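J.: Provided below for reference: sequence and predicted model.
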Amino acid sequence: MIKPIILRSISLLLVAPAVLFLMSLALGLTGVSDRILTSMAEQALQDVKKSLAAQIHDPSALETAIELQKQEIYSSYGLDKPWFYRIFQMIIRIAFFDLGRTRVIKSFTGSQEISEIILERIPNTILLVTVPLIFSAIVGILIGVRIASNLGTFLDRFTTYLSIISYTLPSWWIGIVLIILFGFYLKILPVSGMYSIPPPPDIYSRILDLIWHSILPFATLVIVQIGGWIYSARMIVFNIAQEDYVNVARAKGLPEDIIRKRYILRIAAPAIVTNIVLGLAGSLGGAIITETVFGWYGMGSLYYQAIISLEEGLIIALTYIYTLIYIFARIILEIIYLVLDPRVRY
Amino acid sequence: MMPRKEFFEKFFASWSTRIGTVLLAILIILSIIIVFAYPTDFGTRIWSNPSYWADNPRLAPPTWSSLFTGAKIPAHTVIKLDQPTNVLVEENLRTIEYSAKIDYDYDDYPSFLHVLIKNITFYSAKSPRVEIWMSRPDNLLVRLTSFTVRGSSAIEEPPYRRYVESPYRIILTEDSASILNLVYSLNEKYYSEVTLDEVSAIGSEKLFFGYPSRLGEKRFSILKGSYTFYARVYIYEGNGSVGEIDFIVGGKTYGLLGTDIIGRDLMMGLLYGFPASLMIGFMAASLVTIIGTILGVLSGYLGGRTDIVIQRSSDIILNIPLLPILIFFTFIFREFGMRFLLIILVLTAFSWPGLVIIIRPMVMQIKSSQFIEAAISYGASKVWIMRRHILPNIAPFIIAQTIFLIPSAILAEAALSFLGLGDPTIPTWGQILEQGFRSGAIYLGYWWWVIPPGILIVVTAITFLLIAIGLEPLLNPKLRTVI
């Protein structure tokens, strides 16, 4: 049991260096890595200049000293060699978010360190991704399983078409529609942000405030995700319900409830978990834009800000951290999958 | 495989494919019409060019939206006059007069008043002069403003042509001479005491289409009735002509789908989105299909090292979350131009493994069947077998997968555009949405700017999904009894 999990985890973890390599290659080819390192070197040089100016008072001696320091700093960043000599160094830098400082964007505490800016936003994003995902998975599967035993009825068709529409609805557009409806016209829900301004003082009313602000973004994500759940659960359950052994069970006169629970759902569970895995990537992506639309202080809205203010380092770091979160979630799901399906051995 | 006739009969038996096919036909026909009707440089020369839209009202909702409010909201009115109403030839002076009659019975003031003068030709050393007049239902005749056409320079030879490339535009509602003259005339007629400093607070358009409510007051009411605007062009010493004079009464509503913050007709941009998104969808889906099929067949049929390499690389790519990596690559390569193509390529580069994992087991299953063994026994080459025996057998599944890929490519492009990474030379629905969002349309209630593009994205994506879902039971025998 442990061995396949470890093997699978290792193969998933290999994705991270592969992505790092791809990113470094792209950064090197486009000259972006040069730009990032040069600005870091220049920053280091500024500090050195100040301390040198305090020590050396002769202008020409200062000039040569600075020039010497400049060469040293530039070569310490590898800027004296072409980019492909530095690709390994770049991989390490991205892995540890050592990408210099942001130009404009600051963390909530005012820091311009990329890792600090991202770290404080991770919990917000995870909250926004997981709660609607779990909710729509549970409700969607329940509905999908129900209608799978009544295929072809009006209710089945109606739900199927609704779920197709739900599947194609872009989350950002649904968000916009909900904001215009409930925020602008009805004025009953907040249009943006996670807390009121100013935020309420004590912790309980803060939590209530957060829930109040999260109704619309959560609703948005549930609306766009639930359709896929209903449809896929319906298809999986339907496929299994047509197997011969299910017919045999029916012929034996077993109650429908037992057939559904022990003969269908137990078999369908691994396939449904696979769907959660596939759905996760979609919901991560959906959350990026939903955050942007609702001004949710997560990594997705940070992406949008970074694109608009051309913060290269931040975009690189965000892409990497999204990959990491995804891999981590995949590993957890693989473990659940292995527990559910004893036949699976890699 | 079922016969073609039976296939189509079953295909069209379900409502989802019928609706899907009709919608697809509409999408394709519209796109073809638009490709031919629009100039090739629509994005750069027209859509992203603010001066092209200078005579449109900004942030005007669609005309039909006034049906809900009950009040008569002024529609956008453009009066183009290419023939003068009156030409008076005197000695040394030719007076060309254009007049436009407007029956104004709306419940609101217009958003602006523009006059455009196009293509003046003259021969004299003395420059022509243009005067703008208006007569109002309350019998006021006001000489609003006048200007002198730029004269001839030393190096120029007659005929002198002016305002050929771009028209001369007078924004009457911002023109200080017009405002001064109107304030003077109104004060005289209505005994009011409006001063020039108060005009910006009152709103200059009220001077043109309103009157002080009660004698001596400064509150304005709309003056309904028949207005006439005159443009008189005085051309000295003989011949000369005027190309066209336009009077534009800026509406508070515009067209079928309204305008955005720089006055762009949103319908034009949204129509252009049809061919743009179909192109994204078809190009990305076909590229993914080609690459995915080739690699899937190779991986499944050849096995061995080829299989391992393809399997490992698709395993890695499948485990990269798509949108973040799309954002990264589009952002990093954005300076190289042709972002439209870049989005398609990146989308392809990270989507093909999805197809490989579907095709590979199918190929492996076919590979073990007897007709392949027979083919090998009579000496068929590997390429021959893959092309003539395996591909035809998996082709229907591949087509269904391609149709599934089209909406996801369209949605991915829309998502990238919404994050501000779209191709600025090719306007798409996602970009229109993004501009609306960035301009705060959702907090200010400019629904006509953000709702229609979303509906179009959804309808286009649903079209392909309906067809793909309709195909599924045909390709998967188990499902044939349902749907």
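T.: Noted; the coordinates are in hand.

J.: At the contact with chain A, which residues of the stretch 301-450 of chain B appear?
T.: Along the stretch 301-450 of chain B, the residues adjacent to chain A under the rule Cβ under 8 Å from any Cβ of the partner chain are B:315-316, B:319-325, B:327-329, B:331-333, B:335-336, B:407, B:411, B:414-415, B:418-421, B:433, B:437, B:442-445, B:447, B:450. (C-beta placed from N, C-alpha, C; glycine too.)

J.: Inside helices: which ones of these?
T.: In helices, judged by DSSP state H, the following of these are found: B:315-316, B:322-325, B:327-329, B:331-332, B:407, B:411, B:414-415, B:418, B:433, B:437, B:442-444, B:447, B:450.

J.: Now, of the residues you listed, which are buried?
T.: By neighbour count, with 16 or more other Cβ atoms under 10 Å in any protein chain shown, those hold B:315-316, B:322-325, B:327-329, B:331-332, B:407, B:411, B:414-415, B:418, B:433, B:437, B:442, B:447, B:450 as buried.

J.: separation between A:Lys261 and A:Ala241?
T.: 13 Å (Cβ to Cβ, to the nearest Å).

J.: Would you mind telling me which of those two has more residues around it?
T.: Neighbour tally, A:Lys261 and A:Ala241, criterion other Cβ atoms under 10 Å in any protein chain shown: the higher count belongs to A:Ala241, 20 against 12.

J.: The more buried one: what's it in contact with?
T.: Remark: with contacts taken as Cβ atoms under 8 Å, 6 or more residues apart in numbering or on different chains, A:Ala241 is in contact with A:148-149, A:264.

J.: Check B:Gly250 too.
T.: B:Gly250 is in contact with B:55-57, B:76, B:110-114, counting by Cβ under 8 Å, 6+ apart.

J.: Please, where are all the strands along the stretch 101-250 of chain B?
T.: For the stretch 101-250 of chain B, the strands identified by DSSP state E, counting those that start in this stretch occupy B:112-122, B:129-135, B:141-148, B:160-162, B:168-171, B:210-212, B:220-222, B:225-236, B:240-250, in order along the chain.

J.: helices or strands next to the fifth one in the packing?
T.: Counting contacts by 3 or more Cβ pairs under 8 Å, 6 or more residues apart in numbering or on different chains; DSSP states H and E, strand B:168-171 is packed against strand B:112-122.

J.: and the strand it packs on, average pLDDT?
T.: Averaged across strand B:112-122, the pLDDT comes to 91.

J.: If I take that strand and strand B:129-135, what angle do their directions form?
T.: Note on geometry: by axes from the mean of the first three to the mean of the last three Cα atoms, to 10 degrees, strand B:112-122 and strand B:129-135 are set 140 degrees apart in direction.

J.: any idea how far the closest residue to B:Leu345 other than its chain neighbours lies from B:Tyr301?
T.: Distances taken as Cβ to Cβ, 6 or more residues apart in numbering or on different chains put B:Leu287 closest to B:Leu345, at 7.8 Å, once the chain neighbours are dropped. B:Leu287 sits 22 Å away from B:Tyr301 when distances are taken as Cβ to Cβ.

J.: likewise B:Glu434?
T.: Noted for B:Glu434: a distance of 44 Å to B:Tyr301, by Cβ to Cβ.

J.: same check, this time on A:Gly152
T.: Counting by Cβ to Cβ, the gap from A:Gly152 to B:Tyr301 is 39 Å.

J.: Same question for B:Ala374.
T.: Using Cβ to Cβ, which is the criterion applied here, B:Ala374 is 16 Å from B:Tyr301.

J.: out of these two, which sits in the more crowded spot?
T.: Of the pair B:Ala374 and B:Tyr301, B:Tyr301 is the one with more neighbours under other Cβ under 10 Å, namely 20 against 11.

J.: Wait, a helix at the more buried one?
T.: Yes: read with DSSP: H, G, I helix; E, B strand; the rest coil, B:Tyr301 is one of the residues of a helix.

J.: so where's the chain uncertain?
T.: If you meant another chain, say so; for now it's chain A. Across chain A, the stretches falling below the confidence threshold (pLDDT under 70) are A:1, A:278, A:281, A:342-346.

J.: nope, chain B please
T.: Applying pLDDT under 70 to chain B picks out residues B:1-3, B:215-217, B:476-483.

J.: Name the residue closest to the centre of it, please.
T.: Computing the C-alpha centroid of chain B and ranking residues by Cα atoms, centre = their mean puts B:Gly269 first, at 0.3 Å.

J.: Return the closest of the contacts of A:Ala241 with respect to B:Thr121.
T.: Nearest to B:Thr121 among those: A:Ala148, at 77.7 Å, using Cβ to Cβ.

J.: Determine the number of other residues adjacent to that closest one.
T.: If you count neighbours by other Cβ under 10 Å, A:Ala148 ends up with 22.

J.: With B:Phe397 instead?
T.: Summarising burial for B:Phe397: neighbours were counted as other Cβ under 10 Å, giving 18.

J.: residues contacting the residue nearest to it when sequence neighbours are not counted?
T.: The shortest distance from B:Phe397 to any non-neighbouring residue, by Cβ to Cβ, 6+ apart, is to B:Leu475 (5.8 Å). Going by Cβ under 8 Å, 6+ apart, B:Leu475 touches B:396-397, B:400.
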